[in-house]
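Asker: sharing a model prediction with you, sequence too.
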Amino acid sequence: SRIGGEYADKGRKGAMMGGMALIAVSDVGTALSNSLATLVIARLGLGLGRGYAEAGERGMLTDLANKTPGLRGRALALQQASVALGIAIGAPLGGLVVEEYGARSAFLCVSVAAVVALAIYAILPETVLAKEMGSKNGQDGLPEKNPTSNIEVAENDNTADWTQLLQSSSTWRSLAIAQSGTSFGFACKIAIIPILANEYLGGATGAGLLLSGAGLAGLVGAPLGGFLADKAGSRVAAAVAGAVSGVSLGLVPIGLSLKAVDSTSMDGSGSSLLVEGLSSSSNVWQTAMAGLGGPESTAFIILVLLWSMGASAQGPALTALAQENAPTGSEATALGLPRAVGDGTYIVAPLILGYFSDKMGDTVPGISCTIAGGAICLGSIALLLVTSSEDFEDRK
């Protein structure tokens, strides 16, 4: 992310096109690989290509959003929703292709899509023009605006230092913490939620339907997050959306415990207020819960959908906050910081969540969801505690 960001700050299109070309070649290499070594090399190439392409995309999105800051959140939400929609369409189509032509064919399809994206990138206008230092910059040696094309000019050595950003700005520290918490949530979605769904929703089909529903909830959450970011501010929107997703995920063990509560109430041996409340619930509510497989299944579905909606709403708000505070001329490099923190967290989070699930999952089903939800809420608290005066306004 750091190297790709620095390259993208010298020119967005070069990073985007070069990265996408490497993705196309790497997926062809994956499809044609005949050994573990060639497969690993191809996948490493894919990761490198994505790093460069996404850095360029983040930078270009920042440049374009800076031209219409009042629509920043909604523009980012549209972009995020488009990516989610592409995944929703591509996943079933990929399954059909694999069933018909084999697993290798799926990677060839990705290569074709990458070539199409590369062609589209080629016709996009460049939003940053890199110049050499010295006389080509302004008289003060700082980057200047191109007066004829309204293209932002970036100085080659004007790169954002991640360590400096973290040390001197509470905004960037809070962004790193929030992104780390978000990664805990997505790690939970991949490592824990499918296992719980398989157990409480009747098998793999139920788990698949839940994840599909979570994707659809995300399509709703992203526009809401973008709208809230534009109206209430990106920091508030990110904190509120994070709180919704974190609390929802954290309540999963309580939702799953409703199975035992319901059984106790039917046996007539319960004495808690919660049991009495459930015992006196309406027939309509009981019928609805039974149709979804019981109260624990109902609660689990609702909480996961709320988490997905909140996480999707938080995404554009976090990106908007990062864009607003990115140092001029080093936008792509700076925006790579939260991404790198999130990716690093994503490597270790499944191991942490899996450990607690193995140790305490039988006693407290869904305990790993509570841990992930707590990490998300910690990020929201960090966002709310930020002092606005420490933002990088003097560097914009």
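Answerer: Structure's in. What do you need? Residues are numbered from 1 along each chain as shown.
Asker: list the buried ones in stretch 7-22?
Answerer: 7-22 (16 or more other Cβ atoms under 10 Å). In this view, the C-beta of every residue, glycine as well, is placed from N, C-alpha and C.
Asker: which of the residues you listed fall in strands?
Answerer: Using DSSP state E, the subset of these located in strands is empty.
Asker: return the residues in contact with residue 215.
Answerer: Neighbour list for residue 215: 84, 87, 88, 308 [criterion: Cβ atoms under 8 Å, 6 or more residues apart in numbering].
Asker: need the pLDDT of it.
Answerer: According to the per-residue confidence, residue 215 scores 83 in pLDDT.
Asker: buried ones in the strand or helix carrying it?
Answerer: Secondary structure from DSSP states H and E places residue 215 in helix 204-232. Under the neighbour-count criterion of 16+ other Cβ under 10 Å, helix 204-232 has 206-207, 210-211, 214-215, 217-219, 221-230 buried.
Asker: before we move on, what about stretch 349-364?
Answerer: Of the residues in stretch 349-364, those with enough neighbours to count as buried (16+ other Cβ under 10 Å) are 349, 350, 352, 353, 354, 356, 357, 360, 361, 364.
Asker: from residue 183, how far off is residue 347?
Answerer: As for residue 347, its distance to residue 183 is 9 Å (criterion: Cβ to Cβ, to the nearest Å).
Asker: in terms of packing, which of the two has more residues around it?
Answerer: residue 183 (26 against 10; other Cβ atoms under 10 Å).
Asker: buried residues, the helix or strand harbouring residue 113. List them.
Answerer: Assigned by DSSP H and E, residue 113 belongs to helix 103-123. Applying a neighbour-count criterion of 16+ other Cβ under 10 Å, one finds 106, 107, 108, 109, 110, 111, 113, 114, 117, 118, 121 buried in helix 103-123.
Asker: quick one: contacts of that helix?
Answerer: Helix 103-123 has contacts (Cβ under 8 Å, 6+ apart) with 13, 16-17, 20-21, 23-25, 27-28, 30-32, 94, 97-98.
Asker: which parts of the longest helix along the chain are buried?
Answerer: Ranked by residue count, the top helix of the chain under DSSP state H comes out as helix 36-67. For helix 36-67, a neighbour-count test (16+ other Cβ under 10 Å) marks 42, 45-46, 48-66 as buried.
Asker: out of the contacts of residue 215, who has the most neighbours?
Answerer: Ranked by neighbours (other Cβ under 10 Å), those are led by residue 308, which has 28 neighbours.
Asker: that residue and residue 38, how far apart?
Answerer: Distance, residue 308 to residue 38, using Cβ to Cβ: 37 Å.
Asker: distance between the helix holding residue 215 and the chain's centre?
Answerer: For helix 204-232, the distance between its averaged C-alpha position and the chain's averaged C-alpha position is 12 Å (Cα atoms, centre = their mean, to the nearest Å).
Asker: need the next SSE after that helix, C-terminal direction.
Answerer: Under the assignment DSSP H and E, the closest C-terminal helix or strand after helix 204-232 is helix 234-250.
Asker: could you give the angle of that following helix to helix 204-232?
Answerer: Interaxial angle, helix 234-250 versus helix 204-232 (axes from the mean of the first three to the mean of the last three Cα atoms, to 10 degrees): 160 degrees.
Asker: packing partners of helix 234-250?
Answerer: Contact partners of helix 234-250 among helices and strands, from 3 or more Cβ pairs under 8 Å, 6 or more residues apart in numbering; DSSP states H and E: helix 72-101, helix 170-191, helix 204-232, helix 295-324, helix 367-384.
Asker: swap the cut-off to 7 Å and go again
Answerer: helix 170-191, helix 204-232, helix 295-324, helix 367-384 (3 or more Cβ pairs under 7 Å, 6 or more residues apart in numbering; DSSP states H and E).
Asker: determine how far it lies from the middle of the whole chain.
Answerer: Mean-position distance between helix 234-250 and its chain equals 13 Å (Cα atoms, centre = their mean).
Asker: thinking again about what came up before, pick the one among the buried residues of helix 103-123 closest to residue 253.
Answerer: Using Cβ to Cβ, residue 106 comes nearest to residue 253 of these, at 36.8 Å.
Asker: shaky segments in the stretch 1-150 of the chain?
Answerer: Across the stretch 1-150 of the chain, residues meeting the criterion (pLDDT under 70) sit at 129-150.
Asker: please repeat the previous calculation with a cut-off of 80.
Answerer: The stretch 1-150 of the chain contains residues with pLDDT under 80 at 1-2, 84, 87-92, 95, 129-150.
Asker: sorry, back to before: tabulate the contacts of residue 215 in TSV, adding columns for distance to residue 245.
Answerer: Rendered in TSV, the data for those read as follows (distance: Cβ to Cβ, whole Å):
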residue	distance to residue 245
84	15
87	19
88	19
308	8
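Asker: now the spatially most central residue of the chain: closest residue in space, sequence neighbours ignored.
Answerer: The residue at the geometric middle of the chain, judged as the C-alpha nearest the mean C-alpha position with Cα atoms, centre = their mean, is residue 315 (5.8 Å). Counting by Cβ to Cβ, 6 or more residues apart in numbering, residue 80 is the residue found nearest to residue 315 once chain neighbours are left out, at 5.3 Å.
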